[in-house]
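# Output the structure for:
(one chain, ligands or ions: 1)
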Amino acid sequence: MPQTIVLEWMPKLKPIAFSPPDIREEDIDAVADVLRSGWITTGPRTREFEIELAQLSGTSDCVAMASATAAMAAALRVLGVGPGDEVIVPAYTYTASASVVHHVGARAVLVDTPGPTPHLTAEQVVGAITSRTKAVIAVDLAGIPAPYRPIFEAVEARRSDFRPAGEAQEALGRIAVVADAAHSVGAIGPDGQPVGSLADFTCYSFHAVKNLATAEGGAITWRRAEDMGFESDDLYRTVRRDSLHGQTKDALSKSKGGSWDYDILDLAQKANMTDVQAALGVSQLGRLSDMLHRRRDMLRRYAEMFASTDLRLMDHFSEGVSSAHLAMAFLPEPNQERRDGIILRLADRGVATNVHYKPLTLMTAYRNLGWSPVSTPHAVAAFEREITLPLHTLLTDEDIDRVGLMLLEEMSRS
Ligand SMILES: Cc1ncc(COP(=O)(O)O)c(C=O)c1O
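Okay, here's the model as predicted:
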């Protein structure tokens, strides 16, 4: 009897959530310790998390923040990107990759994806560079590092027509490369370098659905500060201050007897990470490597099931080591109605799926800025084919099989 019919007759099975957090007793204990400690906002746990993240990233330092969004805006501010500047961003991403450009007063230039793989390529970067371009934000989609080496080659090749605005840009002397690494903490690039060391600045997200979750949270790290024209210690202090009102002392230092006095150096944002979140982060970092292994195993299992079908799973295994954040699957043809029907029928059968991404050129806020889906036809076609399958460390192999079989069943029905 074909497997499709077997599933139909199975008793009602437990629902499969899309991406619940994997919180263990050790995480709860770590958070409870902070709550009992007498200090709950930015403090020793946050610093410990920063140091461990920098080690994982192969970088000298890191600033933990409230979100990847805040971290990317901080990178752009440190680089002196502002009004009159342009930043190249793929249209096939979450709004945060592009909205941060507008948060600092610059303009995001949305570029199409090259075709079946929705990663930004160097060719697209080159095609979008103008005399106003100050940075590229590449996205490590699904946990696969973006092609940084060719992107660096592309921006190096345009060094001579780079027009710096301000000291930071002058010191760098070329278009900056920022990694939106919201999906890719723990991943490794094709040359064996960890994510964190691949771009000038790298921004992580620890949002509740991410591989490493602190409920909300993010971090920013950077490759050798001196190579970018910054003093290493200065860069840490500048970015930290940018997340704390531009204040010269954090709350912990100010709370020490007699140390109340401080200055405000910039009109900065408030986007620091708390020790409560950092405790969750440190605790989860301890098992990140195991969690990523498990995620990759599950992706392989999906890949084996789909190998002889016309469903194409995004390739996580040809280059480098992916953090296996998202199981993005593509139907053979762009057909939004069919895709949405499959999603609804899977939901009826207890399986939650998702879509990554509805291109920014389809979103109202970006259309109001003059963008049109017509300018990103490949991104729109990829979106119309895409279904993201559940992938998290609470799933069993049997759950993966069930999702895969149900998906193939629903595809054969529509
Ligand atoms: C690609 C991408 N970039 C940025 C973000 C924003 O992360 P955060 O919520 O930590 O600001 C997300 C969040 O989902 C994302 O998927």
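# State the distance from R47 to L252.
10 Å (Cβ to Cβ, to the nearest Å). All C-beta atoms are positioned from the backbone trio N, CA, C, and that covers glycine.
# go on, P118?
Between P118 and L252 the distance is 42 Å, computed by Cβ to Cβ.
# likewise D140?
D140 is 32 Å from L252, by Cβ to Cβ.
# More neighbours: these two, which one.
D140 (27 against 16; other Cβ atoms under 10 Å).
# What sits closest to the more buried one if chain neighbours are left out?
Leaving aside its sequence neighbours, D140 sits nearest to S184 (Cβ to Cβ, 6 or more residues apart in numbering; 3.5 Å).
# likewise R287?
Nearest to R287 is R24, by Cβ to Cβ, 6+ apart, at 7.9 Å.
# ok, how many other residues are close to the one you found?
12.
# Need the per-residue pLDDT for it.
Listed pLDDT for R24 reads 97.
# distance of it from the ligand?
22 Å (Cβ to the nearest ligand atom, to the nearest Å).
# now R300
23 Å.
# got a pLDDT number for that residue?
98.
# Which of the three states applies to the closest residue to it other than its chain neighbours?
Nearest non-adjacent residue to R300, counting by Cβ to Cβ, 6+ apart: F317, 7.5 Å away. Under DSSP: H, G, I helix; E, B strand; the rest coil, the three-state class of F317 is coil.
# Then R45?
R45 - assigned by three-state DSSP - is helix.
# next one: A108
Strictly by three-state DSSP, A108 counts as strand.
# Could you double-check that it lies in contact with V89?
Yes: the pair A108 / V89 is scored as a contact, 4.8 Å apart, by Cβ atoms under 8 Å.
# so what's the closest residue to T93 other than its chain neighbours up against?
Here the nearest residue to T93 in space, its sequence neighbours aside, is V139; by Cβ to Cβ, 6+ apart that works out to 4.6 Å. Taking Cβ atoms under 8 Å, 6 or more residues apart in numbering, we find V139 in contact with 89-90, 92-93, 97, 119-120, 146, 180, 182-183.
# can you rerun that using 7 Å?
Applying Cβ atoms under 7 Å, 6 or more residues apart in numbering to V139 gives the contacts 90, 93, 97, 120, 146, 180.
# Show me those residues that map onto strands.
If you go by DSSP state E, these have 90, 180 in strands.
# Now pLDDT, neighbour count and distance to A165 too, for the contacts of V139, in a markdown table please.
As requested, these are exported to a markdown table (pLDDT from 0 to 100; neighbours: other Cβ atoms under 10 Å; distance: Cβ to Cβ, whole Å):
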| residue | pLDDT | neighbour count | distance to A165 |
| --- | --- | --- | --- |
| P90 | 96 | 30 | 24 |
| T93 | 97 | 24 | 25 |
| S97 | 98 | 28 | 22 |
| L120 | 85 | 29 | 23 |
| A146 | 95 | 27 | 25 |
| D180 | 98 | 31 | 22 |
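# If we check the ligand, which of the contacts of V139 are in contact?
The subset of the contacts of V139 within reach of the ligand, by Cβ under 6 Å from any ligand atom, is 93, 97, 180.
# Would you confirm that the last one contacts A98?
No: with contact defined as Cβ atoms under 7 Å, D180 does not reach A98; the gap is 9.5 Å.
# Nearest residue to the middle of this protein?
Central residue of the chain (Cα atoms, centre = their mean): A182, 1.6 Å from the mean position.
# For that residue, which non-adjacent residue is closest in space?
S205 (3.6 Å).
# give me every residue that touches the residue of the stretch 201-350 of the chain found nearest the ligand.
For the stretch 201-350 of the chain and the ligand, the shortest gap (Cβ to the nearest ligand atom) falls at S205, measuring 3.3 Å. S205 makes contact with 67-68, 182, 218, according to Cβ under 7 Å, 6+ apart.
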